[in-house]
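Enquirer: predicted structure and sequence below. I'll ask about it afterward.
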Amino acid sequence: MAEPPEESLFEAPPPVEQERMVEAILFASAEPVRVADLNARMPHGSDAAQALAHLRKRYEGRGVQVVRVGEAWAIRTAPDLGFLMQKETVETRKLSRAAIETLAIIAYHQPVTRAEIEEIRGVSVSRGTIDQLLEMEWIRFGRRRMTPGRPVTFIVTEAFLDHFGLESARDLPGLKDLRAAGLLESRPPPGALPEDAEEEEQGDMFEDDA
Amino acid sequence: MAEPPEESLFEAPPPVEQERMVEAILFASAEPVRVADLNARMPHGSDAAQALAHLRKRYEGRGVQVVRVGEAWAIRTAPDLGFLMQKETVETRKLSRAAIETLAIIAYHQPVTRAEIEEIRGVSVSRGTIDQLLEMEWIRFGRRRMTPGRPVTFIVTEAFLDHFGLESARDLPGLKDLRAAGLLESRPPPGALPEDAEEEEQGDMFEDDA
Amino acid sequence: MDETQPSLLSVNERLAAEALIVDVDGFEGPLDLLLNLARSQKVDLRKISILDLARQYLAFVEEAKRLRIELAADYLVMAAWLAFLKSRLLLPPDPADEGPSGEDLAAHLAFQLERLEAMRGVAARLMARDQMGRDFFARGIPEDVTRIRTVRFTATLLDLMQAYARLRTRDEFRPYVMDRDAVYTMEEALERMRGLIRFAGDWVDLAHWLPEGWGNDPVRRRSATAAHFAASLELAKQGALDIRQSDMFAPIEIRRKGN
């Protein structure tokens, strides 16, 4: 089976054979191989550098390439096929409490500014929470509010409606529903937003749901 | 320069590209890769089996080869170049004569029970012999035999095929001759009750995808 | 060999047997020894004389006894069996005998020997094949598949509603539940769930339905859980919801009926 190496001792193997040898050595070696090492391993009289040049040409445009790594040579995946060496896994995780509350406020009060969100939550909203929701494409920027400072507003997106199976933000259960459902056990506190105005607003927004 | 894989989602890449992809994946892996896994990693609509056939042809006579290992494929150096690889040669544990014979009996008679191995060798099989072969991952447990006591059976693994350069268990040397000579039949000693069920199962093994 | 030359045969056999005894430890049991003896007949195993083989084996055992060599029990069992086989092969068949004929037994022994020989042959052929790590090689620098993990966040409509309700009731909520002590009645739960159930399009863990402030304190949680569970059963009975539990102590899940 194996071609006895002794026969090749005094006559170099034909170039095609030398190319095969370089190919096999580069493939099987655990690390990149120097030309000198190739020559040392190949039968006497071989010209590894030339065989390497041929091999390199042969692999041009192929799925793998013969590349130089420092002073040595190795076979590597063609750069454009790197994506084949990646395995994507998707992990599902529950949204954090801060994010879900922020999202709820945006959904119920859109268009809403960050300052308003903070007012309702009673705590400041971290940049990260907004960014996360923006990245998930559940919220997006609405029109700027025509008040001093022209703050940006946030509104929910189509993707948000899709995810929650809603035709429109109007389909969100209104305050009345929440109260009827027992989720709202008492009247909201008299806060920054005038109670009546808000109720009215809510009523407007979701009345077809009632 | 990379063609983004997303663009190929609904249109399979051209055959030449698919061949490059299979080439890259096989080169990157030391273990054989199943066709199903190739397809899973390649863009939608790809036909890994066809790409494999082309790739195999391309590497005919080269320093490395595309080989089939059971249901999987791998790239291996050409056997005639083994003499170049002293550096890569791994000293395998010397197998005892008992282990080698037991391995051969499992390969040619699979699925086979321990009692059958003992019947063929005429001596009891030591626990250590089976353990060694299991540890090397050359054999594994097959289905239990549906005979009294439901004994476990042994079969050879993909790693076994890989190690001995076999495409499948059907390519074991001399298998056809042995079968033609009736030496793979389980022939009960005269006077014993015939074990029909067993004979049937035995026959199945190599036939199903012949 | 012919029966008419017993003395000559026995001398040869004894010599052969003595030679074999020297390395009796080298044999892997009686079948291995028999195969060796059979090979010494220098014929195709299919044409082997089982009668001669039986004689040779018995001579081997005799010689071992004479030399006071301890033979393992299975060698003696085989000797007894071969003595029986020999008598069967030599005597004319007894028509009254039910058991297998001497020829059948001999044929099976020949088959066993041939099979063992064949297995040894293919074992040698197998080991002579090109082997990985010796004659051919796998990739020396495998390129690992890198895993890219993307996290997808999810929330349900109920989460959203609860979050909003939590915000709207936060300030007044605590004192409100405080005066109820730690008891949540089934009636309250029923009332509450009747309103909530229409938002449970998908299976929801009942534990997620506990009202705010009832989930942490064990006493309150137990009361609320019991009340909501009883209410769920009542609503299931009324056909308003489906209820399921995948396993013992697994979460109890409910869903609006007719989803």
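Expert: Received it, and whenever you're ready, just let me know what you need.
Enquirer: look up how far residue B:86 lies from residue C:73.
Expert: For residue C:73, the distance to residue B:86 (CB to CB, to the nearest Å) stands at 49 Å. (Glycine included, C-beta is placed from N, CA and C.)
Enquirer: can you show me the strands along the stretch 101-250 of chain C?
Expert: Applying DSSP state E, counting those that start in this stretch to the stretch 101-250 of chain C gives strands spanning C:146-154, C:204-205, C:241-245.
Enquirer: need those strands in JSON lines with mean neighbour count, can you?
Expert: Output for the strands of the stretch 101-250 of chain C, formatted as JSON lines (neighbours: other CB atoms under 10 Å in any protein chain shown):
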{"stretch": "strand C:146-154", "mean neighbour count": "10"}
{"stretch": "strand C:204-205", "mean neighbour count": "16"}
{"stretch": "strand C:241-245", "mean neighbour count": "16"}
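Enquirer: nearest to chain B, out of the ones you listed?
Expert: Among the strands of the stretch 101-250 of chain C, the nearest to chain B by CB to the nearest CB is strand C:146-154 (10.9 Å).
Enquirer: close to chain B, is the closest one?
Expert: No - against chain B, strand C:146-154 shows no contacts by CB under 8 Å from any CB of the partner chain, the least distance being 10.9 Å.
Enquirer: for that strand, packing partners?
Expert: Strand C:146-154 is packed against strand A:86-94, with contacts defined by 3 or more CB pairs under 8 Å, 6 or more residues apart in numbering or on different chains; DSSP states H and E.
Enquirer: contacts for the strand it packs on?
Expert: For strand A:86-94, the external contacting residues (CB atoms under 8 Å, 6 or more residues apart in numbering or on different chains) are B:41, C:145-155, C:159.
Enquirer: same deal with stretch C:234-245?
Expert: With contacts defined as CB under 8 Å, 6+ apart, stretch C:234-245 is touched by C:186, C:190, C:193-194, C:197, C:200, C:203, C:232-233, C:251-257, C:259.
Enquirer: repeat for stretch C:113-122
Expert: Around stretch C:113-122, the neighbours that count as contacts under CB under 8 Å, 6+ apart are B:101, B:104-105, B:108, B:120-122, B:172-175, B:178, B:181, B:183, C:31-32, C:34-35, C:38, C:45-46, C:48.
Enquirer: from the residues you listed, list just the buried residues.
Expert: B:101, B:104-105, B:108, B:120-122, B:172-173, B:175, B:178, B:183, C:31-32, C:34-35, C:38, C:45, C:48 (16 or more other CB atoms under 10 Å in any protein chain shown).
Enquirer: and residue A:48, how many neighbours?
Expert: Neighbours of residue A:48 under the rule other CB atoms under 10 Å in any protein chain shown: 24.
Enquirer: picking that back up, just the contacts of stretch C:113-122 that are near chain A?
Expert: Contacts with chain A within the contacts of stretch C:113-122, as defined by CB under 8 Å from any CB: none are present.
Enquirer: circling back to that earlier point, mind checking which of the buried ones among the contacts of stretch C:113-122 are in helices?
Expert: Within the buried ones among the contacts of stretch C:113-122, residues falling in helices by DSSP state H are B:101, B:104-105, B:108, B:120-121, B:175, B:178, C:31-32, C:34-35, C:38.
Enquirer: wait, what's in contact with the nearest residue to residue C:105 once chain neighbours are set aside?
Expert: Spatially, and ignoring its direct neighbours in sequence, residue C:105 is nearest to residue C:85 (5.3 Å; CB to CB, 6 or more residues apart in numbering or on different chains). Contacts here follow CB under 8 Å, 6+ apart; on that basis residue C:85 touches C:50, C:54, C:102, C:105-106, C:109.
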